[in-house]
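missing the sequence, but the structure's below:
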């Protein structure tokens, strides 16, 4: 008899071996590329924050940063690849000295440029030129905003970051970002502030919208709720707190066959600060190159072939847990 | 150290079907229906469950619904307030019986 038990109890009840590849085989699934429509560009690991959930271990001490030659090679690849979207991430992309050159170049080759921001740098009063370019080119801003609770947010991102984030959102709203009428898209990303999974995106977005509007008069377009990936600084924190095994089991026990179809690595290619290619930013963090061999962006004639295998490891359970990670 | 409550026992909850599978099925069907989104959100229901878990002092339920509350977007301030609500009701329930005590004492006393 198959027992339907409340999922909260079942989460602890299931003990699935954290072997992602084996899970795929058990479900007769293969992780292969579909059409690659997004180019993700990681411009470096330098960041002004040291967030506890960072899968890349980014921070102020990191020296890895994309130089102008690699930036040009990435722009050339964007021209060859004809990608629907280009997603600029880091570290903190604001701190890359070539960021304006990159945005200018990439926006010539793709109609949708996404700029990931930790928000705190957009409110420091030193980014006027960057903010003007973002607005002028209608660059989509995807901002990290884990919680509208100051204690939770600062415990993940650092003391004082919450208030800086509120200031940045306010500034962006003043410019027209987050208003559905302006075409200036502002999306929030909420990662849980701890070793637990995110809730359903719909109700969470509704609540964020109500609280941000009522408390601070802020608006945004969409909210994405993503699980934290057990790599980098987050993995170290999980280990330190004795949560690693339970968290890995929780991800594995929430494996959703349907989520495999929509995982981002099927339609995205990620280029690191030094120009090498990965199936996603998490494989970049793990050091798992695309095709299991280091390929430089300058060697690619176009997007990867449809049907190419995708490198996977146990952190991939993050993207297949619950409703997935796209 | 041996204890009646062990975290590893929580995953055995479904085993309770053995012996009375039909009753267990009815219970779990009802349970799942109760916690589904309705007039109250799943988040609100998890907060109620968390506070009741403290009233009935069930370690399994406290474990499960602390996690559920966090996952559904509640924060520590809200969860702590929920525990205070049930504490106030528990304490109030004791104190209000003081009226009975007073009634009886009044009847018995000169």
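Nice, I can see it. Predicted model only: the values in this text are computed from it and were never measured.

Low-confidence stretches in the chain?
No chain specified, so I'll use chain A. A:1-18, A:323-326 (pLDDT under 70).

should've been chain B
Ranges of chain B meeting pLDDT under 70: B:1.

Close to chain A: what parts of it are there?
B:10-14, B:17, B:21, B:24-25, B:28-29, B:31-32, B:35, B:37, B:41-43, B:60, B:63-65, B:67-68, B:70-73, B:75-77 (Cβ under 8 Å from any Cβ of the partner chain). Every residue, glycine included, has its C-beta placed from N, CA and C.

can we see that at 6 Å?
B:10-11, B:13-14, B:17, B:21, B:28, B:31-32, B:64, B:67-68, B:70-73, B:75 (Cβ under 6 Å from any Cβ of the partner chain).

And residue B:48, how far from chain A?
13 Å (Cβ to the nearest Cβ, to the nearest Å).

Please compute how far the helix or strand harbouring that residue lies from its chain's middle.
Residue B:48 is part of helix B:42-55, with elements assigned from DSSP states H and E. Relative to its chain's centre, helix B:42-55 lies at 6 Å (Cα atoms, centre = their mean, to the nearest Å).

top helix in chain B by residue count?
helix B:76-96 (DSSP state H).

I would like the residues contacting that helix, please.
B:47, B:50-51, B:54-55, B:69 (Cβ atoms under 6 Å, 6 or more residues apart in numbering or on different chains).

by how many degrees do that helix and helix B:42-55 diverge?
Orientation check (axes from the mean of the first three to the mean of the last three Cα atoms, to 10 degrees): helix B:76-96 against helix B:42-55 gives 50 degrees.

buried stuff in helix B:76-96?
B:79, B:82-83, B:86 (16 or more other Cβ atoms under 10 Å in any protein chain shown).

In terms of secondary structure, what does the helix or strand just after it contact?
Following helix B:76-96 in sequence order, the next helix or strand is helix B:98-108 (DSSP H and E). Using 3 or more Cβ pairs under 6 Å, 6 or more residues apart in numbering or on different chains; DSSP states H and E as the contact criterion, no helix or strand is in contact with helix B:98-108.

where does the stretch 201-326 of chain A come near chain B, residue by residue?
A:204, A:207.

could you pull out the strands for the stretch 201-326 of chain A?
Under the criterion DSSP state E, counting those that start in this stretch, the stretch 201-326 of chain A contains strands at A:222-225, A:268-271, A:277-278.

On the three-state scheme, residue B:60 is what?
helix (DSSP: H, G, I helix; E, B strand; the rest coil).

which parts of stretch A:245-260 are buried?
So, applying 16+ other Cβ under 10 Å, buried residues of stretch A:245-260: A:246-255, A:259-260.

Run a quick neighbour tally on residue A:215.
Using other Cβ atoms under 10 Å in any protein chain shown, residue A:215 has 10 other residues around it.

Under a three-state scheme, what state does the closest residue to it other than its chain neighbours occupy?
Leaving out its chain neighbours, the residue that sits closest to residue A:215 by Cβ to Cβ, 6 or more residues apart in numbering or on different chains is residue A:148, at 7.2 Å. Following three-state DSSP, residue A:148 is assigned to coil.

my guess is residue A:148 contacts residue A:209, does it?
No - contact criterion Cβ atoms under 6 Å: residue A:148 and residue A:209 do not qualify, at 10.2 Å.

Looking at neighbours, which among the contacts of helix B:76-96 is most surrounded?
Highest neighbour count within the contacts of helix B:76-96: residue B:69, with 25 neighbours (other Cβ under 10 Å).

For residue A:196, see how far away that residue is.
Applying Cβ to Cβ, to the nearest Å, the value for residue B:69 to residue A:196 is 9 Å.

What of residue A:228?
Applying Cβ to Cβ to residue A:228 and residue A:196 gives a distance of 9 Å.

Over to residue A:80?
Separation of residue A:80 from residue A:196 (Cβ to Cβ): 42 Å.

rewinding a little: between residue A:148 and residue A:209, which is the more surrounded one?
residue A:148 (22 against 17).

could I get the strands of the stretch 201-326 of chain A as TSV with mean neighbour count and distance to residue A:144?
Output for the strands of the stretch 201-326 of chain A, formatted as TSV (neighbours: other Cβ atoms under 10 Å in any protein chain shown; distance: least, Cβ to Cβ, whole Å):
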stretch	mean neighbour count	distance to residue A:144
strand A:222-225	18	10
strand A:268-271	24	18
strand A:277-278	25	21
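
To residue A:189, which of those strands lies closest?
Of all the strands of the stretch 201-326 of chain A, it is strand A:222-225 that lies closest to residue A:189, at 5.1 Å by Cβ to Cβ.

From the contact counts, what lies against the closest one?
Checking 3+ Cβ pairs under 6 Å, 6+ apart, strand A:222-225 ends up next to strand A:186-190, helix A:201-216.

Not counting sequence-adjacent ones, nearest residue to residue A:155?
Setting aside the residues directly before and after it, residue A:155 is nearest to residue A:193 in space (Cβ to Cβ, 6+ apart), at 5.7 Å.

With residue A:178 instead?
Using Cβ to Cβ, 6+ apart, the closest residue to residue A:178 is residue A:186 (3.9 Å).

can you count the residues close to the one you found?
23.

now swap in residue B:10 and tell me
There are 18 residues near residue B:10, going by other Cβ under 10 Å.

hang on, it packs against residue B:59?
No - in terms of Cβ under 6 Å, residue B:10 does not count as a neighbour of residue B:59; the distance is 8.7 Å.

What separation do you get for residue A:67 and chain B?
41 Å.

Need phi/psi at that residue.
phi -90, psi 180 (degrees, to the nearest 10).

returning to what we had before: would you mind giving the helices and strands packed on strand A:222-225 as a markdown table with distance to residue A:239 added?
Formatted as a markdown table, those follow (distance: least, Cβ to Cβ, whole Å):
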| stretch | distance to residue A:239 |
| --- | --- |
| strand A:186-190 | 24 |
| helix A:201-216 | 28 |
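
now for those, which one comes closest to residue A:128?
Ranked by Cβ to Cβ, the member of those that lies closest to residue A:128 is strand A:186-190, at 18.1 Å.

Good, wrapping up.
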